[in-house]
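Participant: Pasting the sequence and the predicted model now:
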Amino acid sequence: MHSRIETPPARPHTLLVVDDERPILDLLGEALTEEGLRVTLAADLPAAVAALGHDRFDLILADSLAEFDSDFALDQWPALETIKTRAGTSRVVIFSAHPQRHFARWQARGFAGFIAKPFDLDELVETIRVYLSAERAGALSDDTVGTASRAPHAR
């Protein structure tokens, strides 16, 4: 008689979603939890920093939390850079309603990708799954994912 080797179930992927718009946080929290992900929500930079201080995430989806400086120029990088620095080896994907041209140097700055708002929820979930499966396989590259427009879309 052969004994059965039981493999432990894979741990659920962990995702931190940072966005200052509560309806988006609530929608993503519910949808991604239903997809079997362990989701942590942060509505501002202090909450994101606190979450990153005591958990490691497989992926971080971060709104720019952009502010305008005294000349009304968009300053999109400070919050994102703080999140990326605190994220350690976790990949950070920018998630923003601001035009992608405002984030033209996201790759050079070490971010894993850019996802534009508004988004189709099914496409966003599929794009996140692509990032997470590539992360778990250790094979994330610019050819695998980059921007939501280059990632596979769910229909």
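Facilitator: Good, I have the coordinates.
Participant: Could I get the full set of helices for this protein?
Facilitator: For the chain, applying DSSP state H gives helices covering 22-34, 45-54, 77-87, 121-137.
Participant: Show me the beta-bridge partners of the most centrally placed residue in the chain.
Facilitator: When the chain is reduced to its mean C-alpha position, the nearest residue by CA atoms, centre = their mean turns out to be Leu61, at 2.0 Å. Beta-bridge partners for Leu61, by DSSP bridges, are Val17, Val93.
Participant: can you tell me how far it sits from Leu16?
Facilitator: Plainly put, Leu61 is 7 Å away from Leu16 if you go by CB to CB, to the nearest Å. C-betas here are computed from N, CA, C, even on glycine.
Participant: Same check on Ala31?
Facilitator: According to CB to CB, Ala31 and Leu16 sit 15 Å apart.
Participant: ok, these two, which is more surrounded?
Facilitator: Counted by other CB atoms under 10 Å, Ala31 and Leu16 do not tie: Leu16 has more neighbours, with 25 against 16.
Participant: need the contact list for that one.
Facilitator: 39-42, 48, 51-52, 55, 57, 59-62, 90 (CB atoms under 8 Å, 6 or more residues apart in numbering).
Participant: helices and strands of the protein: which one bottoms out on pLDDT?
Facilitator: Within the chain, no helix or strand scores below strand 67-68, which has a mean of 63 by mean pLDDT, DSSP states H and E.
Participant: Would you check which pair of the contacts of Leu16 lies furthest apart?
Facilitator: The largest distance within the contacts of Leu16, taken as CB to CB, falls between Leu41 and Ser90 and amounts to 15.9 Å.
Participant: quick one: low-confidence ranges for this protein?
Facilitator: For the chain, applying pLDDT under 70 flags the ranges 1-9, 67-74, 135-155.
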